[in-house]
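*Asks:* turn this into a structure:
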Amino acid sequence: MAFEIPKQNYSGAIKSVTLGVGDKAVTVGGETSYPFHTFEGEMANPPKIAMEIWDKDPGEDWAAAAKEPYKDVLGDPVAWAKKVMEYEPDLLVIQCQSADPNGDNAPAGEVSDRVKAVVDEVDIPVVVWGTYNHEKDIEVLRLVAEKCQHKNLILGPVEEGDHKQIGAAAMGYNHTVVASSPIDVNLAKQLNILLGNLGVKEQKIIIDPTTGGLGYGLEYTYSVMERLKMAALTQEDDKLQLPMINNLAHEVWKTKEAKLREEDAPELGDAAKRGIMMEAVAAVSLLLAGSSVLIMRHPEAVKLVRNFISQM
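*Replies:* Got it, this is the predicted structure:
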C-alpha cells in the first residue's frame, strides 16, 4: 500500500498584495497553506527579498563585513541604491536613519528629498522605513508620500500611535502601509482593524509582526508569526489574512555577535562568515514562519537565502 502524506485542510487564504508599480511591481501573499506546504495548497507567489540602504553613512553602527560590499558608496544614498541594484533584489528599502531624533535629527524635508532622489533612480518597489518615533515618522512619511505620489511605496512602520496620519497620507497618495505591532497577535489584528476603519484597503496593508534578532527574540517572533498564519488559514480570521514583512537585517547585524571583530572573539571564528550566516539563518527561520518579504543586507546572505527559496 502506497504511503500518503497526511494533509491539513485549510479554510482560509492569504490575500495578495501588489507592491510598487509598472513592470517591476511584485505581488506577495496568495498562499492557501502553511509556508512551503505545496503538497497541501498553493504558494502562488514565492517570498521576496528586499535589500536595504541607509539615507546616511552608517559609520560604526555597521560591522566591517556588512560595509565591505558598499564601502565606496556609503555616503551617497543614490549611488548606494545603484550598487544594491547590481544584486537584483525584488525590492529596495530606504532606512531613514538620519531622521532619528536621538541621532542626527535631520529635517523631514531634507530626509524626504533624499528618499525621492533614490526613488527616482530605481525601477523596483521601494520600502521607506522610519524611526519608530511617532512625531518624526508622521512628519517624514507624510512628506515622502506626497513627493513620491502614485509610486505605491511601502511606508512603515505604521503603529497605533501614528496610523491615522500616515494611513491618511498613504491613501491620499496611493501607497501601501506596513502595519507594525509589538510581537502580539491581538495587537496585530487590532491595528489592521483600525487601519480598515480609517479606510485603508486590505490590498494596501502588509503586516510587520516586529522582528527579533537571532538569539535576541527570534523564537518569540517565530511563534507569533506561526499563530498569525494559523489564525488566517485555519480560523478564517480575515483581519490577519495578509502577507508579512520582516526588517531582519537591522536586528541581526546590530547584535554583539555579528559586530565582534575576529581578534576580539577568536573562538567565534571568521567575523565576516559569522555575520553572513547569522543573517541567512534568521532569514530562513522567518521564511519557515511565513514571511513574504525579507529585508536583508549582505549580498552573500541574500545568495544563500535565494538558493533556499529556489530549492523549496
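
*Asks:* which residue comes closest to residue 175 once chain neighbours are left out?
*Replies:* residue 153 (4.7 Å; CB to CB, 6 or more residues apart in numbering). For every residue, glycine as well, the C-beta is placed using N, CA and C.

*Asks:* so where do the helices sit in the chain?
*Replies:* Assigned by DSSP state H, the chain shows helices spanning 64-67, 77-85, 108-119, 134-147, 163-173, 185-198, 218-233, 248-253, 256-259, 271-289, 299-311.

*Asks:* by contact count, what packs against the third one?
*Replies:* Using 3 or more CB pairs under 8 Å, 6 or more residues apart in numbering; DSSP states H and E as the contact definition, the elements that helix 108-119 packs against are helix 77-85, strand 91-95, strand 126-129, helix 134-147.

*Asks:* could you redo those as TSV and give each row mean pLDDT?
*Replies:* Below are the helices and strands packed on helix 108-119 laid out as TSV (pLDDT from 0 to 100):
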stretch	mean pLDDT
helix 77-85	98
strand 91-95	98
strand 126-129	98
helix 134-147	98
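
*Asks:* residue 42 is nearest to which of the ones you listed?
*Replies:* The closest of these to residue 42 is strand 91-95. By CB to CB, the value is 22.3 Å.

*Asks:* what's the closest one in contact with?
*Replies:* By CB atoms under 8 Å, 6 or more residues apart in numbering, the residues outside strand 91-95 that reach it are 19-20, 26, 48-55, 77, 81, 84-85, 114-115, 118, 122, 124-129, 154, 247, 250, 293, 295.

*Asks:* got the angle between it and helix 108-119?
*Replies:* Here strand 91-95 points in a direction 160 degrees away from that of helix 108-119 (axes from the mean of the first three to the mean of the last three CA atoms, to 10 degrees).

*Asks:* centre of the chain to the least confident helix or strand in the chain by mean pLDDT, how far?
*Replies:* Of all helical and strand segments in the chain, the minimum by mean pLDDT, DSSP states H and E falls on helix 256-259, at a mean of 90. Its chain's average C-alpha position is 21 Å from that of helix 256-259, according to CA atoms, centre = their mean, to the nearest Å.

*Asks:* elements contacting that helix?
*Replies:* Here helix 256-259 touches helix 271-289, going by 3+ CB pairs under 8 Å, 6+ apart.

*Asks:* which other helices and strands contact the helix it packs on?
*Replies:* Helices and strands touching helix 271-289, by 3+ CB pairs under 8 Å, 6+ apart, are helix 64-67, helix 218-233, helix 248-253, helix 256-259, strand 293-296, helix 299-311.

*Asks:* among these, which is nearest residue 11?
*Replies:* Residue 11 lies closest, by CB to CB, to one member of the helices and strands packed on helix 271-289: helix 218-233, at 7.6 Å.

*Asks:* list the buried ones in the least confident helix or strand of the chain?
*Replies:* Across helix 256-259, burial judged by 16 or more other CB atoms under 10 Å covers 257, 258, 259.

*Asks:* kindly report the same for stretch 92-107.
*Replies:* So, applying 16+ other CB under 10 Å, buried residues of stretch 92-107: 92, 93, 94, 95, 96, 97, 98, 99, 100, 106.

*Asks:* which one of these is nearest to residue 223?
*Replies:* The closest of those to residue 223 turns out to be residue 93 (CB to CB; 25.0 Å).
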